[in-house]
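# Could you look at this predicted model? Sequence included:
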Amino acid sequence: MGLNVVVGFAGLLDLGYVAFWAIGAYTTAYFTGALPIHPPFLLNPFWVIPFSIAAAMLTGVLLGTPTLRLRGDYLAIVTLGFGEIIEIVANNLNGVTGGPAGTPGFIPQFSIHIFSVNYRWTGTVLPYYYLILGVAVVFMVGFSFLEQSRVGRSWTAIREDEVAADSLGINTLKYKVMAFAIGASTSGFAGVFFASQVQSLVPNDFIVQTSILILVFVIFGGMGSIAGAVIGAGFIQWLPQYLQIHSFKDYQFQDEFIYLGALLIVLMIFRPQGVIPSRRRRREILLTEAGVGYADSPGGPVQVKSMGEALPSSYGKLSLDEPGYIGSETE
């Protein structure tokens with residue numbers, strides 16, 4: 001969901017998203033005393049959540065402010081380099097992160113000690129499931145409101161045409177940095193969740209292939225769609241586990257990315273908008289497929305319904321000479 005804010009809402013290609021996950025995880029290791037350097041006070045992972053989210057968001061601001069003036073492929077290269085830098089730094093700073101051997105201390109699991117309530121989450125993964133489910137619902141609701149707000153509309157304008165958005169007075173750099181920071185918040189929480197589960201971190205947990213896989217979740221589910229990001233992540237994470245148990249002949253786990261790549265190719269051919277596209281993206285694709293905006297649209301006036309919304313038939317009669325017509329992306 002966090003990467004969907006960056007890629008789907010704001011249209012920014014981020015190939016180093018796993019770096020924010022690593023920052024959240026190592027922040028957890030630091031405040032729980034698992035690193036060679038000691039914090040000013042010790043916390044259990046449950047109370048580290050706001051610190052890890054803040055660290056990930058701050059990193060998003062520091063990365064985005066100087067680099068988000070770039071666009072397209074150049075931005076993708078910068079974010080890819082950032083993800084690689086975080087992994088290399090974690091590998092080489094033996095006195096800070098523990099290096100390739102991993103964190104020297106064990107990260108404790110979640111526990112709550114409030115008044116007479118004492119609960120430690122050990123022996124089962126069910127409490128972790130309820131925790132991440134509850135937080136996911138909070139993020140879904142928050143991002144839904146954010147998408148419909150002024151900030152969300154500004155992101156949409158930047159995604160569709162950054163030059164036009166800038167000419168209308170939208171501070172594109174400000175809103176792109178906001179997208180990076182807000183998108184990093186969920187990754188910071190995921191770092192806490194991951195660190196508490198595995199209890200020991202190694203830099204190889206945060207390789208660039210993980211960033212690519214998270215991006216695949218968003219593309220498969222539908223860029224710009226919150227429900228699509230959730231469904232895409234759930235399905236693609238479930239499918240390899242299912243195939244390990246109910247695999248067909250000659251299937252090997254090492255070939256997972258071959259089948260995943262083939263699945264994406266088929267999806268891009270037959271359903272480029274994703275499994276559950278956002279309402280706006282679905283409407284744009286329907287208009288494009290119907291040829292709306294052409295002076296000589298085949299079949300005369302175009303009648304299109306998008307998510308139950310009927311569009312005027314006059315859309316199919318637009319002339320290139322009519323005032324206000326700016327053409328279509330497929331022209």
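Structure's in. What do you need?
# contacts, neighbours, all on C-alpha from now
Fine.
# Tell me the spacing between Gln242 and Leu264.
Actually, residue 242 is Tyr rather than Gln. 18 Å (C-alpha to C-alpha, to the nearest Å).
# try Tyr30
Following C-alpha to C-alpha, the distance that separates Tyr30 from Leu264 is 38 Å.
# Kindly report the same for Thr27.
Counting by C-alpha to C-alpha, the gap from Thr27 to Leu264 is 34 Å.
# Would you mind telling me which of Tyr30 and Leu264 has the busier surroundings?
Tyr30 (25 against 16; other C-alpha atoms under 10 Å).
# Please enumerate the helices of the stretch 151-300 of the chain.
162-167, 172-198, 208-221, 226-245, 256-270, 279-290 (DSSP state H, counting those that start in this stretch).
# Test my guess that Met57 contacts Ala184.
Yes - using C-alpha atoms under 8 Å, Met57 makes contact with Ala184 at a distance of 5.4 Å.
# Of these two, which one has the most company?
Ala184 (33 against 27).
# May I have the residues that are in contact with Arg281?
Arg281 sits next to Gly224, Gln273 when contact means C-alpha atoms under 8 Å, 6 or more residues apart in numbering.
# separation between it and Ala22?
Arg281 sits 32 Å away from Ala22, going by C-alpha to C-alpha.
# Repeat that for Met57.
From Met57 to Ala22 the distance is 13 Å (C-alpha to C-alpha).
# Overlap in contacts, these two.
Common contacts of Met57 and Ala22, defined by C-alpha under 8 Å, 6+ apart, comprise Gly188.
# Can you tell me the closest non-neighbouring residue to Ala179?
Val6 (5.4 Å; C-alpha to C-alpha, 6 or more residues apart in numbering).
# residues in contact with that neighbour?
Leu12, Leu13, Asp14, Ala179, Phe180, Gly183.
# hang on, the first one packs against Gly72?
Yes - with contact defined as C-alpha under 8 Å, Leu12 reaches Gly72; the gap is 7.4 Å.
# Who has more neighbours out of these two?
Remark: of Leu12 and Gly72, Leu12 carries more neighbours, 25 against 11, as counted by other C-alpha under 10 Å.
# and which of the contacts of Val6 is nearest Gly142?
Proximity of the contacts of Val6 to Gly142 (C-alpha to C-alpha) peaks at Gly183, which lies at 11.9 Å.
# Run a quick neighbour tally on the closest residue to that closest one other than its chain neighbours.
Once flanking residues are discounted, Gly183 sits nearest to Gly2: 3.9 Å by C-alpha to C-alpha, 6+ apart. Counted with other C-alpha under 10 Å, the neighbours of Gly2 add up to 25.
# Just read off the phi/psi values of Gly2.
Recorded main-chain torsions at Gly2 are phi -70, psi -40, according to degrees, to the nearest 10.
# what sits against it?
Per C-alpha under 8 Å, 6+ apart, neighbours of Gly2: Ile182, Gly183, Ala184, Ser185, Thr186, Ser187.
# contacting residues for Ala164?
With contact set as C-alpha under 8 Å, 6+ apart, Ala164 has these partners: Ala157, Ile158.
# separation between it and Gly11?
Distance from Ala164 to Gly11, by C-alpha to C-alpha: 14 Å.
# where does the stretch 51-200 of the chain dip in pLDDT?
113-123 (pLDDT under 70).
# let's go with 90 and repeat that
Applying pLDDT under 90 to the stretch 51-200 of the chain flags the ranges 63-76, 93-132, 135, 147-148, 156, 159-163, 166, 168, 173, 196-200.
# how about the strands of it, start to end?
Under the criterion DSSP state E, counting those that start in this stretch, strands of the stretch 51-200 of the chain are mapped to 111-114, 117-120.
# Using the three-state scheme, assign the closest residue to Ile77 other than its chain neighbours.
Ranked by C-alpha to C-alpha, 6+ apart and with sequence neighbours excluded, the top spatial neighbour of Ile77 is Leu15, at 7.6 Å. Reduced to three states with DSSP: H, G, I helix; E, B strand; the rest coil, the structure at Leu15 is coil.
# what sits against the nearest residue to Met178 once chain neighbours are set aside?
Closest residue in space to Met178, ignoring its immediate chain neighbours: Val61 at 7.4 Å, by C-alpha to C-alpha, 6+ apart. Taking C-alpha under 8 Å, 6+ apart, we find Val61 in contact with Val177, Met178, Phe180, Ala181.
# Which one of those is nearest to Ile219?
Phe180 (17.7 Å).
# ok, the closest one touching Leu62?
No - contact criterion C-alpha under 8 Å: Phe180 and Leu62 do not qualify, at 9.8 Å.
# So between the two, which is more surrounded?
Between Phe180 and Leu62, Phe180 has the larger neighbour count (other C-alpha under 10 Å), namely 30 against 14.
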